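Asks: sequence and predicted structure are below.
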Amino acid sequence: MSRDLDAIVARYAQANTLQQLFACARDYESVGAPILPGWPKIRLALTGNYSTQMLAKAFSLALAARNVGADLYESPYNHWQIELLDASSALYAFNPTHVLLALTSVELAYGSLRSVEAVTAAITAAVEAGCRAADAHIIVTLPEPLADEISDSGGAYAWRREVCIGLRAALSSTRVTLIDVDPLIRAIGAQAWFDHRFYDTAKIPFHPDRTPALLGRLADAIASVVNPRCKLIVVDLDDTLWGGRVGDDGFEGLELDAAGKGRHFLRLQAFLKALQAKGVVLAIASKNSLRPVQEVFANRPEMILQFSDFAAAEIHWEPKSTSLARILDRLKLSTAGVVFLDDNPVERAEVRSRFPDIEAPELPDDPAQRVPMLIATGLFDRRVTTRESRDRNRMYAENAERDMALQAAGNLDEFLRQLDMVLEICGIEEARDRALELIQKTNQFNLTTRRYNWAELAAILQNGFGRCYRLKDKFGDNGIISVAAVARASELEARIDLWLMSCRVLGRKVEEAILADLAARARALGARRMIGEYLPTAKNGLVRDLYPRLGFTEKGRHDGRVRYELSLDDPRVGAGVDFIRTLNHPPPATA
């Protein structure tokens with residue numbers, strides 16, 4: 001089945017006409033629309049003010065190509081207001097986890113709403129109603145350029161500009177994502193995009209053969225909301241981040257001239273810098289000597305990236321795969337979501353041979369083509385940015401300080417006591433976005449790898465409880481590092497349905513402190529036993545022995561799962577972690 005899916009996805013990636021797209025969609029349905037283990041699963045409601053049938057036909061395939069499983073609901077034509085404003089509509093009965101509101105300027109600019117104020121108010125009201133009525137993330141396409149926008153002094157241009165400004169100001173919730181298709185239309189070209197015949201006859205506001213490109217852009221955005229596909233970029237230096245070889249040319253001879261060939265290398269640096277601001281971690285893997293590399297960063301003011309922007313740097317003459325292994329070990333990351341950028345095809349092949357899961361795009365030989373190619377992959381589309389993701393590079397820098405302090409202490413217990421750790425505890429509701437981010441992307445310290453959406457998680461919490469844990473110490477704030485959800489299996493049993501943690505804080509006995517909190521909360525609800533479950537995956541071998549190590553006793557195995565049990569009166573629970581101070585936040589007012 002996986003082989004069939006791979007073949008269909010490969011054909012889908014090459015589809016550039018509506019006919020080719022539909023052929024791929026039919027083949028995908030014919031093999032059962034498979035969803036592979038480990039994929040997040042969403043329920044996507046598609047509604048809009050134009051005919052969305054050509055999008056709906058292949059949407060599940062487009063998301064499957066991005067490792068996201070989806071059930072799909074499509075509203076009737078132009079029922080977006082009716083469905084979103086009516087809490088009893090079929091759209092809400094579908095219980096969506098994500099809603100895509102696909103809008104075209106054609107109907108908005110010339111239809112019954114028409115004025116900037118009316119259009120802005122209507123869209124805002126519909127989206128806000130959606131946020132109230134459904135536990136869903138709502139994705140909205142901003143009104144696209146009109147064919148009449150020939151001049152920036154014309155009314156059509158001014159109308160759309162004001163509408164977009166109003167919507168960006170009004171729809172600022174973290175549960176709403178806005179998509180601007182203007183860059184896509186510019187890349188395709190207005191003549192290839194606009195064709196009024198199809199709107200007149202079928203209410204399609206673009207040429208049907210542009211459907212694969214638009215669908216790809218929408219699927220990239222939704223996939224990035226569900227589970228961003230890039231968390232770490234490891235980049236080469238010579239002829240990748242700058243033009244030339246610093247060992248031969250010296251820092252003075254490198255191509256970094258914004259008015260010449262150097263601008264294409266600066267474009268890549270600006271591209272990476274913007275991703276870093278959204279939470280993507282940067283690292284260096286370069287076959288070089290350290291001092292010449294440092295001279296570039298110190299003496300070339302044209303450099304957009306600074307050496308401090310990189311969370312790790314492997315600069316030596318060993319294989320690039322060795323550099324990747326050391327970087328992953330230092331940052332405590334798996335290969336999931338890692339991208340390797342190198343101009344040399346031999347280096348890319350060498351990394352792929354050892355790490356087949358790592359993305360190593362085939363960078364064009366022409367540096368001018370590299371950034372557009374990388375954007376077109378969709379790997380780097382990031383729409384939701386949490387506080388923790390923005391601060392990720394700072395957190396890794398603070399981790400380096402902790403490692404140095406551990407080496408100086410020489411004794412682990414002494415080091416842990418000197419850290420002055422504080423574990424701040426709150427309900428999952430208070431940190432919803434970060435909790436969902438961790439649930440979708442955490443693989444290594446994850447006992448079951450269940451990819452819950454918010455509605456599914458809320459169902460568990462109805463008769464149980466959920467906790468988020470933020471860890472601080474004298475070096476800084478690690479952010480929210482762990483999420484746990486506990487269900488009441490029976491009157492006397494509490495079952496850990498979900499428990500995951502960032503690997504950045506391993507080795508500090510944080511998991512012992514978290515278990516102590518979970519046990520205390522379960523005891524307060526009347527439970528006397530805690531049930532734990534371990535479901536092995538290809539990536540969570542790290543926690544294979546976690547429950548036995550924490551005092552649980554194995555009680556059975558079924559369908560690959562291992563069931564454990566712990567008496568909540570066991571004196572070992574919480575023992576030896578008195579140096580971690582816990583701080584409970586009150587539940588949110590809406591709880």
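Replies: Yep, that arrived. Numbering: from 1, shown residues only.

Asks: relative to L91, how far out is Q462?
Replies: Taking Cβ to Cβ, to the nearest Å as the measure, Q462 falls 23 Å from L91. In short, each C-beta sits where N, CA and C put it, glycine included.

Asks: look at the two and report which has more neighbours.
Replies: Just comparing Q462 and L91: by other Cβ atoms under 10 Å the higher neighbour count belongs to L91, 26 against 9.

Asks: so where does the more buried one fall, helix or strand?
Replies: Applying DSSP states H and E as the criterion places L91 in helix 90-93.

Asks: likewise Y199?
Replies: Here Y199 is assigned to helix 196-202, by DSSP H and E.

Asks: coming back round to it: show me what the helix holding L91 is packed against.
Replies: Applying 3 or more Cβ pairs under 8 Å, 6 or more residues apart in numbering; DSSP states H and E, we find helix 90-93 packed against helix 80-85.

Asks: kindly export the helix it packs on (C-alpha atoms) in CSV.
Replies: Only the C-alpha atoms of helix 80-85 are listed here, as CSV (Å, rounded to 0.1, in the frame of the first residue of the first chain):
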residue,chain,number,x,y,z
TRP,A,80,-20.1,30.2,3.8
GLN,A,81,-22.1,32.8,5.7
ILE,A,82,-25.1,30.5,6.2
GLU,A,83,-22.9,27.6,7.5
LEU,A,84,-20.5,29.6,9.7
LEU,A,85,-23.2,31.8,11.3
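
Asks: what mean pLDDT would you report for that helix?
Replies: The average pLDDT for helix 80-85 rounds to 97.

Asks: and if you look at stretch 254-271?
Replies: Here the average pLDDT along stretch 254-271 is 95.

Asks: how about stretch 137-157?
Replies: Average pLDDT, stretch 137-157: 90.

Asks: got the end-to-end distance for that stretch?
Replies: In stretch 137-157, first residue to last residue: 29 Å (Cα to Cα, to the nearest Å).

Asks: pull out the buried residues from it.
Replies: Judged by neighbour count (16 or more other Cβ atoms under 10 Å), stretch 137-157 contains these buried residues: 137-147, 149, 156-157.

Asks: sorry, back to before: contacts for the helix holding L91, please.
Replies: A45, T47, Y73, S75, E83, L84, D86, V99, A133, A134 (Cβ atoms under 8 Å, 6 or more residues apart in numbering).

Asks: so which of the buried residues of stretch 137-157 are in strands?
Replies: H137, I138, I139, V140, T141 (DSSP state E).

Asks: from K332, how far out is the first one?
Replies: So the one you mean is H137. From H137 to K332 the distance is 28 Å (Cβ to Cβ).

Asks: equivalent analysis for the third one, please.
Replies: Noted for I139: a distance of 32 Å to K332, by Cβ to Cβ.

Asks: with Y469 instead?
Replies: From Y469 across to K332, the span is 17 Å (Cβ to Cβ).

Asks: cool, and L256?
Replies: 33 Å.

Asks: before we move on, what about D517?
Replies: With Cβ to Cβ as the criterion, D517 and K332 are 23 Å apart.

Asks: which secondary structure element is home to E162?
Replies: Counting by DSSP H and E, E162 is found in helix 155-170.

Asks: helices or strands next to the helix or strand just after that helix in the packing?
Replies: Per DSSP H and E, the first helix or strand lying C-terminal to helix 155-170 is strand 176-179. In terms of contacts (3+ Cβ pairs under 8 Å, 6+ apart), strand 176-179 is packed against strand 137-141, helix 211-226.

Asks: any chance of these in TSV, with distance to L21 too?
Replies: Below are the helices and strands packed on strand 176-179 laid out as TSV (distance: least, Cβ to Cβ, whole Å):
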stretch	distance to L21
strand 137-141	19
helix 211-226	5
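
Asks: looking at L256 and K332, which is more packed in?
Replies: Remark: of L256 and K332, L256 carries more neighbours, 22 against 17, as counted by other Cβ under 10 Å.

Asks: that one touches L241, doesn't it?
Replies: No: L256 lies out of contact with L241 (Cβ atoms under 8 Å); the separation is 9.5 Å.

Asks: so where is the stretch 401-550 of the chain shaky, pLDDT-wise?
Replies: 410 (pLDDT under 70).

Asks: helices along that one, start to end?
Replies: With DSSP state H, counting those that start in this stretch as the criterion, the stretch 401-550 of the chain has helices at 412-418, 432-441, 454-461, 510-524, 546-549.
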